[in-house]
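**Student:** the sequence and its predicted three-dimensional model are supplied below.
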Amino acid sequence: MINKLEKLVRECKKASEMIKFFPGDIRILSHYDADGITSAAIIVKALQREGKGFHLTLIKQLSLEWVKRLAGEKAGLVLFLDFGSGLLDSVSEHLGEKQVIVLDHHQKQGSGVPGDKSRKGKIIHVNPMDFGIEENISSSGVSYIVARAMNPENRELAELAIIGAIGDSQVGEIGPQWGVMGLNKEILKDALLSKKIRLMKGLRLWGRYTRPVHKALEYSVEPYIPGISGSESAAVQFLQELNIELKDEAGDWRTLASLSEEEQKRLATGIIAERIRGDQENPEWIFGDVYELLAKEGGFRDANEFATMLNATGKMGKGYLGIALCLNDPGSQENVKKALEGYRRTLGSAISWIQTNRDSVKETEKASYVMAGGEISEHIISNAISTINRSYDTGKPIFGFVDSEEGVKVSARASDELVGKGLNLKAILSRAAGHVGGQGGGHSGAAGASIPKGTEQRFISFVEGLLGGKGEIKMETEKDLNTPTTNMSINPGADYAERGQESRAEGEGDRGENKEEKGSQDQEDREGSPGKKMEGKGLVRYLES
Ligand code: C5P
């Protein structure tokens, strides 16, 4: 009997052959976040290696409008990356003349594949969920397996699949270990073998290469450092007491990466001591995997920070810069840095707006609801809510509502602690959105929804009913999820066209923000979970068989 991984690889091989031997034009549509950008970069690089032309567009969301639009284009092969599983029926209906490949890891909707016999063989739908692999692989991982099957030289692209997985928060829950797991770990082996990534154990502080150490400590929520998290002056004093210089000889702020091994050990010991003093559970849970991108320097060396930059380019409507960065195009680092600055400014303004417009925040015993209307961009709200969730420990989930092209965009976040107690935002948003005629989904600690304008209050009342009292979480089971889908339109995204080397942004100008969220997904590596079983089975064995 063939196992789940073998089935997945078999489908990836089908997709790979279709792409490799397709004689006509190839059209790619991919999601504008880090997972979508790395998925696209992997496929683009694989196509370049085969000497094939393509036309790529990065968008916020795949919609019926986009599917119809593609029907009128001349490309005979259409690839959907990091979305598509939710619109299989529409794809089947409108793209009947074309060959379609969907590489996705989100919940499937509809019956377009493979029910319609006339379409058999015309849609290759590769989604690990179809084979019972529910977690620990993202779209960039699936794209990587496809590319790897196309040409063994594409092993060098495993690095991008790991960045995509990290960007998609597939790094497990906080525990004694923190890092990619399951099938992602198999892909990591390829990244290590190709000498693109170095794996180290280190302190789990965000901004290893880019953030002054005292700032990294001040902003550290997971792990929480009592008396230091949230206070810049306490963080500075703490480092001084540990005899760790804040600045280097040139007068520049030192980052975690610039500390000597001995200083890092002293810092780790100090943090554990503070956590013991502050009565934190598992005070030693402060370490995790650090993925160093060996060919990159400075702020681009840490896979986590790299993923943040890719997200920033996408959210700024400049995902093509993220693609260029993944492909090591000359000048791309400078352009991405500029995009990141804009993103941070926009995120900063969004957070300040929330902080100064207190009457826009509706507090109940069970949750906080930020009603930002048209004040915050729909592209930035999730990052603003993530940052606030990580910065303030309110013991409640936080929801943000903003106007969007489709109606109202909802973004919700909860701490690992609440998720550990059983809170499942994916289930809650999915059900509440379904209740008001919208659509929602995501992960236990990070979920989103799109709902019709004017239904916000009904949505909130429904959410309140699903949440228990403070500290008490009502469980929603997966089988309760029976949410109708809505077709949503999108903003035209950014194009990166191989033919003619044009590279243009169709989207708005600056929209930015900063995705500094991690570990918030439902990534339990349960005993016997598909992800766990995958480990050590050898992806390469199936690829090369
Ligand atoms: O947009 P945001 O970052 O808040 O989304 C969090 C999670 O919720 C993501 O995994 C996203 O794919 C999912 N989501 C969804 N449906 C939406 C919006 C977001 O499934 N309408």
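**Tutor:** Nice, thanks for sending it over. Numbers count the residues shown, from 1 in each chain.
**Student:** need the per-residue pLDDT for V221.
**Tutor:** In this model, V221 is scored at 78, pLDDT.
**Student:** which residues are in contact with it?
**Tutor:** Contacts of V221 were listed using C-beta atoms under 8 Å, 6 or more residues apart in numbering, and they are 229, 390-391, 393, 415. Quick note: C-beta positions are derived from backbone N, CA and C, even for glycine.
**Student:** can you do 7 Å?
**Tutor:** By C-beta atoms under 7 Å, 6 or more residues apart in numbering, V221 lies in contact with 229, 390-391.
**Student:** tell me the first helix or strand C-terminal of the strand or helix carrying E262.
**Tutor:** Here E262 sits within helix 261-277, counting by DSSP states H and E. The helix or strand immediately downstream of helix 261-277 is strand 287-293, counting by DSSP H and E.
**Student:** so what secondary structure elements neighbour that next one?
**Tutor:** Counting contacts by 3 or more C-beta pairs under 7 Å, 6 or more residues apart in numbering; DSSP states H and E, strand 287-293 is packed against helix 158-167, strand 197-203, helix 303-315.
**Student:** quick one, the last one and strand 287-293 angle?
**Tutor:** This means helix 303-315. Angle between the axes of helix 303-315 and strand 287-293 is 70 degrees (criterion: axes from the mean of the first three to the mean of the last three C-alpha atoms, to 10 degrees).
**Student:** out of the helices and strands packed on strand 287-293, which one sits most buried?
**Tutor:** Mean neighbour count (mean count of other C-beta atoms under 10 Å) peaks for helix 158-167 among the helices and strands packed on strand 287-293, with a mean of 31.
**Student:** give me the distance from that one to the chain's centre.
**Tutor:** 10 Å (C-alpha atoms, centre = their mean, to the nearest Å).
**Student:** what does it rub up against?
**Tutor:** In contact with helix 158-167 (C-beta under 7 Å, 6+ apart) are residues 33-35, 38-39, 41-42, 138-141, 144, 180, 184, 187-188, 190-191, 194, 196-197, 291, 293, 303-304, 306-307, 310-311, 326.
**Student:** avg pLDDT for that helix?
**Tutor:** Across helix 158-167, the average pLDDT comes to 96.
**Student:** can you check stretch 100-107 too?
**Tutor:** 93.
**Student:** first-to-last residue distance for it?
**Tutor:** 18 Å (C-alpha to C-alpha, to the nearest Å).
**Student:** how about whichever strand or helix holds L239: buried residues?
**Tutor:** Secondary-structure element containing L239, defined by DSSP H and E: helix 232-241. Buried residues in helix 232-241, defined by neighbour count with 16 or more other C-beta atoms under 10 Å: 234-236, 238-239.
**Student:** re the thing from before, show the buried residues in the contacts of V221.
**Tutor:** Judged by 16+ other C-beta under 10 Å, buried ones among the contacts of V221: 229, 390.
**Student:** nearest to M150, of the contacts of V221?
**Tutor:** M150 lies nearest to R390 out of the contacts of V221, by C-beta to C-beta, at 38.9 Å.
**Student:** and the closest one, what pLDDT?
**Tutor:** 76.
**Student:** check the gap between it and the ligand for me.
**Tutor:** 13 Å (C-beta to the nearest ligand atom, to the nearest Å).
**Student:** ditto for Q48
**Tutor:** Relative to the ligand, Q48 is positioned 28 Å away (C-beta to the nearest ligand atom).
**Student:** that residue in helix, strand or coil?
**Tutor:** helix (DSSP: H, G, I helix; E, B strand; the rest coil).
**Student:** go on, the one 10 residues further on?
**Tutor:** With three-state DSSP as the basis, L58 sits in strand.
**Student:** how far away is the closest residue in space to it that isn't next to it in sequence from I197?
**Tutor:** Residue nearest to L58 in three dimensions, not counting chain neighbours: G319, with 3.7 Å by C-beta to C-beta, 6 or more residues apart in numbering. For G319, the distance to I197 equals 23 Å [C-beta to C-beta, to the nearest Å].
**Student:** tell me the contacts of the residue nearest the centre of the chain?
**Tutor:** Centroid-nearest residue in the chain: D168, 2.3 Å away (criterion: C-alpha atoms, centre = their mean). Contacts for D168 (C-beta under 7 Å, 6+ apart) come out as 34-35, 138.
**Student:** let's see 8 Å
**Tutor:** Neighbouring residues of D168 by C-beta under 8 Å, 6+ apart: 33-35, 138-140, 521.
**Student:** can I assume I133 is in contact with K4?
**Tutor:** Yes - contact criterion C-beta atoms under 8 Å: I133 and K4 qualify, at 5.4 Å.
**Student:** so the two - more neighbours on which side?
**Tutor:** Between I133 and K4, counted using other C-beta atoms under 10 Å, I133 has the larger neighbour count: 24 against 17.
**Student:** SS state for that one?
**Tutor:** Under three-state DSSP, I133 comes out as coil.
**Student:** state the distance from it to the ligand.
**Tutor:** Distance, I133 to the ligand, by C-beta to the nearest ligand atom: 17 Å.
**Student:** just say helix, strand or coil for the residue in the stretch 101-250 of the chain positioned nearest to the ligand.
**Tutor:** Here the stretch 101-250 of the chain gets closest to the ligand at one residue, H106, 6.4 Å apart by C-beta to the nearest ligand atom. Here H106 takes the coil state, with states given by three-state DSSP.
**Student:** excluding chain neighbours, what is closest to it?
**Tutor:** S85 (5.3 Å).
**Student:** ok, the one you found - contacts?
**Tutor:** 102, 104-109, 125, 127, 129.
**Student:** thought K296 was touching A303?
**Tutor:** No - checked against C-beta under 8 Å, the pair K296 and A303 is beyond contact range at 9.2 Å.
**Student:** okay, and the helix or strand of this structure with the least pLDDT?
**Tutor:** The weakest-scoring helix or strand in the chain, judged by mean pLDDT, DSSP states H and E, is strand 503-505 (a mean of 26).
**Student:** where are the low-confidence patches of the stretch 101-250 of the chain?
**Tutor:** 110-121, 173-174 (pLDDT under 70).
**Student:** quick one, phi/psi of V100?
**Tutor:** phi -130, psi 140 (degrees, to the nearest 10).
**Student:** how far away is the closest residue to it other than its chain neighbours from T455?
**Tutor:** Closest residue in space to V100, ignoring its immediate chain neighbours: I123 at 4.6 Å, by C-beta to C-beta, 6+ apart. Distance of I123 to T455, given as C-beta to C-beta: 33 Å.
**Student:** settle it for me: which of those two has more neighbours?
**Tutor:** Legend: neighbour count by other C-beta under 10 Å for I123 and T455, higher for I123 (23 against 18).
**Student:** was I right about the more buried one contacting S90?
**Tutor:** No - in this structure I123 lies outside contact range of S90 using C-beta under 8 Å: 11.5 Å.
**Student:** what sits against I19?
**Tutor:** Contacts of I19 (C-beta under 8 Å, 6+ apart): 26, 43, 46-47, 50, 52, 77, 79, 101, 146, 150.
**Student:** what parts of the chain come near the ligand?
**Tutor:** Within the chain, the positions adjacent to the ligand are 382, 411, 439-443, 446-450 by C-beta under 6 Å from any ligand atom.
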